[in-house]
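# test case, fold it:
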Amino acid sequence: MKSATALNSTLSTNLQDHNVVIFGGTSGIGLAAAIQAKGAGANVTVIGSNAERAKQAALEHGLSGWRAADVTNSEAIYAALADIPKVDHLVLLAGTFVAGKVLDAEIDYLRRAFEERMWASVHAIRALGERLAKDGSITFISGSLSDRPNAYGTAVLAAASAAMEGLARGLAIELAPIRVNTLSPGPINTPILSKALGEGRDAFVAALEQSLPLHRLGTATEAGAAAVFLMTNTFMNGATLNVDGGARLV
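From the prediction side, this is the model:
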């Protein structure tokens, strides 16, 4: 058993010289996590769907590297990870806002909610295999829909989000001692939110803010800090970390 001194030392470690790979790391929460991980000493590689955005993010913020990959394409995932020798922390935040009612939307479109999240994560983990550090971590993303689905065509997305939390709990045992956790953001002010809401964004956000306990949306920086916390706290395992300002309570 480790001594109290050793445990305290473990809990206070930063990310100095750790290799961090972030899918969805070119904007929003992923980019905020990448910037903060770099600030904690990590070598950060970001992977996004658009090569130009990925390159720009890496250059602008002094990140170690970038890749472009369509996460619904398993071959692209394997190719993006092929030349990375070791990964201490794998963060999987990629995914679009898949909204469509089960009776109306195209099945192939709805399937993307699982392809972008669960199956992309499975392929990324398999692609890295033994290159995942045994004392490292994997972080998934779910979202407040997993706790509180709504009536606006998000049933499948809510199911995919909840699936990530279940997958993390299972893999925390299957991949032990690698730690596996899930970040569950609530209403966060990110580009994906603006894209999803379109022209009605401002009115929707204003109404939402009135109902939230903190009367504001969260920031990408706040949610990104939670992702870094899951990397650095070595006793977080099989957990879902809610970063929603108490939104799930109202």
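# looking at the residue most central in space within the chain now. What's its pLDDT?
With distances taken as CA atoms, centre = their mean, the residue of the chain nearest its centroid is Leu93 (2.7 Å). On pLDDT, Leu93 comes in at 97.
# pLDDT score assigned to the nearest residue to it once chain neighbours are set aside?
Nearest residue to Leu93, sequence neighbours excluded (CB to CB, 6 or more residues apart in numbering): Gly24, at 3.6 Å. For every residue, glycine as well, the C-beta is placed using N, CA and C. The per-residue pLDDT reported for Gly24 equals 97.
# could you do Leu217 as well?
On the pLDDT scale, Leu217 gets 94.
# what sits against it?
187-189, 193, 205, 208-209, 245 (CB atoms under 8 Å, 6 or more residues apart in numbering).
# for those, pick the one with the most neighbours.
Ile188 (23 neighbours; other CB atoms under 10 Å).
# tell me which of the contacts of Leu217 is nearest to Arg131?
Using CB to CB, Ile188 comes nearest to Arg131 of these, at 30.6 Å.
# can you pull the contacts of that closest one?
Shown here is Ile188, whose contacts under the criterion CB under 8 Å, 6+ apart are 28-29, 217-220, 222-223, 243.
# quick one: the residue nearest to the centre of the chain from Ala223, how far?
9 Å (CB to CB, to the nearest Å).
# overlap in contacts of these two?
Looking at what touches both Leu93 and Ala223 (by CB under 8 Å, 6+ apart), the common residues are 29, 33, 183.
# gap between the residue nearest to the centre of the chain and Val46?
10 Å.
# identify the contacts common to those two.
Common neighbours of Leu93 and Val46 (CB under 8 Å, 6+ apart) are 22, 25, 30.
# send me the helix or strand harbouring Asp202 as CSV with only the CA atoms.
Using DSSP states H and E, the element containing Asp202 is helix 201-211. Output in CSV follows, covering the C-alpha atoms of helix 201-211 (Å, rounded to 0.1, in the frame of the first residue of the first chain):
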residue,chain,number,x,y,z
ARG,A,201,-29.9,31.0,-30.5
ASP,A,202,-30.1,34.4,-28.7
ALA,A,203,-33.8,34.0,-27.8
PHE,A,204,-33.4,30.4,-26.7
VAL,A,205,-30.3,31.2,-24.6
ALA,A,206,-32.0,34.2,-22.9
ALA,A,207,-34.9,32.1,-21.9
LEU,A,208,-32.6,29.2,-20.7
GLU,A,209,-30.5,31.5,-18.6
GLN,A,210,-33.6,32.6,-16.7
SER,A,211,-34.3,29.0,-15.7
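# many thanks, we can stop here.
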